[in-house]
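**Q** Here is a sequence together with a model predicted from it:
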Amino acid sequence: MKLETLAIHAGRAPDLATGAVAPSPILSTTFARDAQGDYPHGHIYSRSSNPARAALESLLAALDGGTAAAAFASGSAASMAVFQALAPGDHVIAPDDVYHGTRTQLRELLARWGLSHSLVDLTDLDAVRAAITPATKLIWAETPSNPLLKISDITGLAELAHASGAQLVVDSTFATPVLQQPLALGADMVMHSTTKYLGGHSDVLGGAVIAREPDALFARIRDLQTKGGSVPAPFDCWLLQRSIGTLPLRVRAQTANAQAIAEFLAAHPQVSAVHYPGLSTHAGHALASRQMTGYGAMLSFQVHGGRDAALAVAGKVQLYTRATSLGGIESLIEHRASVEGPHTSTPQDLLRMSVGLEHVDDLVDDLRQALAG
Ligand SMILES: *Cc1c(COP(=O)(O)O)cnc(C)c1O
């Protein structure tokens, strides 16, 4: 079945008891035993499993072509579970431009727990090969990456990981299952911050790990989810399921807007660089064309005049909200270096945009006036 169909039908059927077409979240934390002491509906206690999460997990597994999914209370809880499923003494390779929250987990939380890591340019397979040690158990990729939209080769990374007995997990948040299918490209697991495009409306926090095989690593992730307890509430699972029905449409429309905006910016005299894989000048364009079915709705650009000029542009836009995060229906703009703090390697003249679903003419006009003068 095609993704548009799965997004609406996977994990969803009319309710047998009432005939209700639209699902409703079952809020109960506990489930009744029958007279024999069994649980005829399969659920016991909501931390272990509940109907709304089970429906969401079936849907997420179907979208990424996996066999199983674990939904979490946030993307950060999902990445944390992947890392904690490794053992102290293990080594992780992650991109040098990894999402700053993931970097903080590796540096501050997991280093103390005995997990070591190397931050490597994942677009350079030779550099990755050189960074692999006998203790390397996981390559964590993020493609497209934040905020330079770098593209790394999922199949090449999977081959490197598997040749050394490690696994490849791809943070595919920017791409969504609509534009990129990491499991089909050889990855072992996919991670999403469902807070972003899957939620799509900037009103629910969530995360997910989807596995190609229900292997030992995934079993430990499932244990961390249900016993560690960082689970999403039924209402949040229901909101996500509701949003995912329109995910393919939203992502494609947002991508079309982003392409037009990237082309407008690339031709603007005040703009010194545009980072968008849909531009033929982008270093990852050819690879993105091979491994993605679209280039996504995230882009960043640099302006002449340094940090002050970038902040001035962000100050003048009317339609783009100055806010962090991404993937919602509304367009956002952000001076990324300010968010990432004093240790950031993000250029000070860079602005990152999450392109929404407004009319593209209005989005371009707003940037034009903000860049003028
Ligand atoms: C937002 C984000 C995360 C973290 O997800 P939360 O839901 O905010 O915890 C991880 N990776 C990427 C690429 C993200 O954009």
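**A** Alright, I've got the coordinates.
**Q** residues contacting Thr102?
**A** Shown in contact with Thr102 (CB atoms under 8 Å, 6 or more residues apart in numbering): Ser76, Ser79, Ala94, Trp140, Glu142, Asp171. The C-beta positions use only the backbone N, C-alpha and C, and glycine is treated the same way.
**Q** From those, which land in helices?
**A** Ser76, Ser79 (DSSP state H).
**Q** shouldn't Leu198 be in contact with Leu247?
**A** Yes: assessed by CB atoms under 8 Å, Leu198 is found in contact with Leu247 at 6.2 Å.
**Q** okay, the two: which has more neighbours?
**A** A count of neighbours by other CB atoms under 10 Å puts Leu198 above the other of Leu198 and Leu247, at 30 against 24.
**Q** By proximity to the ligand, which residue of the stretch 101-250 of the chain wins?
**A** The nearest approach of the stretch 101-250 of the chain to the ligand comes at Ser193, 3.1 Å away (CB to the nearest ligand atom).
**Q** Just grab the bridge partners of that residue for me.
**A** Residues in a beta bridge with Ser193, per DSSP bridges, are Gly207.
**Q** Could you list which residues are in contact with it?
**A** When contacts are counted by CB under 8 Å, 6+ apart, Ser193 touches Ser74, Gly75, Ser76, Ala78, Asp171, Thr173, Gly206, Gly207.
**Q** ok, now how distant is it from Asp362?
**A** 27 Å (CB to CB, to the nearest Å).
**Q** Write out the residues of the chain neighbouring the ligand.
**A** Neighbours of the ligand within the chain, by CB under 6 Å from any ligand atom: 74-76, 99, 101-102, 142, 146, 171, 173, 193, 195-196, 205, 207.
**Q** For burial, what's the neighbour tally of the residue in the stretch 251-373 of the chain that the ligand sits nearest to?
**A** In the stretch 251-373 of the chain, no residue comes nearer to the ligand than Leu326, which is 6.1 Å away by CB to the nearest ligand atom. By the criterion of other CB under 10 Å, Leu326 has 24 neighbours.
**Q** what about Leu311, which helix or strand?
**A** helix 306-316 (DSSP states H and E).
**Q** Show residues contacting that helix.
**A** 270, 302-303, 305, 320, 322, 333-335, 337, 348-351, 369-371.
**Q** Strands of the stretch 1-150 of the chain, residue ranges please.
**A** Remark: strands assigned in the stretch 1-150 of the chain by DSSP state E, counting those that start in this stretch are 68-72, 91-95, 116-120, 136-142.
**Q** winner for burial among these?
**A** strand 68-72 (a mean of 26; mean count of other CB atoms under 10 Å).
**Q** Could you check how far that one is from the centre of its chain?
**A** 14 Å (CA atoms, centre = their mean, to the nearest Å).
**Q** Please save the CA atoms from it in PDB.
**A** Output of strand 68-72 as PDB, limited to C-alpha atoms (Å, rounded to 0.1, in the frame of the first residue of the first chain):
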ATOM      1  CA  ALA A  68       7.700  -2.500  15.400                       C
ATOM      2  CA  ALA A  69       7.700   1.000  16.800                       C
ATOM      3  CA  ALA A  70       8.000   2.400  20.300                       C
ATOM      4  CA  ALA A  71       6.400   5.800  21.000                       C
ATOM      5  CA  PHE A  72       7.900   8.100  23.600                       C
END
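**Q** Strand partners (parallel or antiparallel) of that strand?
**A** Strand pairing for strand 68-72, determined by DSSP bridges: strand 207-211 (antiparallel).
**Q** So which elements touch whichever helix or strand comes after the partner strand?
**A** Once strand 207-211 ends, the next helix or strand along the chain (criterion: DSSP H and E) is helix 216-228. Here helix 216-228 touches strand 68-72, helix 75-84, strand 207-211, going by 3 or more CB pairs under 8 Å, 6 or more residues apart in numbering; DSSP states H and E.
**Q** and among those, the most buried is which?
**A** Looking across the helices and strands packed on helix 216-228 with neighbours counted as mean count of other CB under 10 Å, the highest average goes to strand 207-211: a mean of 28.
**Q** any idea of the mean pLDDT in that one?
**A** What strand 207-211 shows for mean pLDDT is 98.
**Q** and if you look at stretch 117-124?
**A** Stretch 117-124 shows a mean pLDDT of 98.
**Q** Let me see the ranges of the helices in the chain.
**A** So, for the chain - with DSSP H - the helices run 3-9, 51-63, 75-84, 100-104, 125-131, 154-163, 176-179, 216-228, 234-244, 247-266, 285-291, 306-316, 336-340, 360-371.
**Q** Which neighbours do Leu198 and Leu247 have in common?
**A** Common neighbours of Leu198 and Leu247 (CB under 8 Å, 6+ apart) are Thr176.
**Q** wait, Leu183 sits on Gly65?
**A** Yes: in this structure Leu183 lies within contact range of Gly65 using CB under 8 Å: 5.1 Å.
**Q** Looking at these two, which one has more neighbours?
**A** Relative neighbour count places Leu183 above the other of Leu183 and Gly65, with 24 against 16, counting by other CB under 10 Å.
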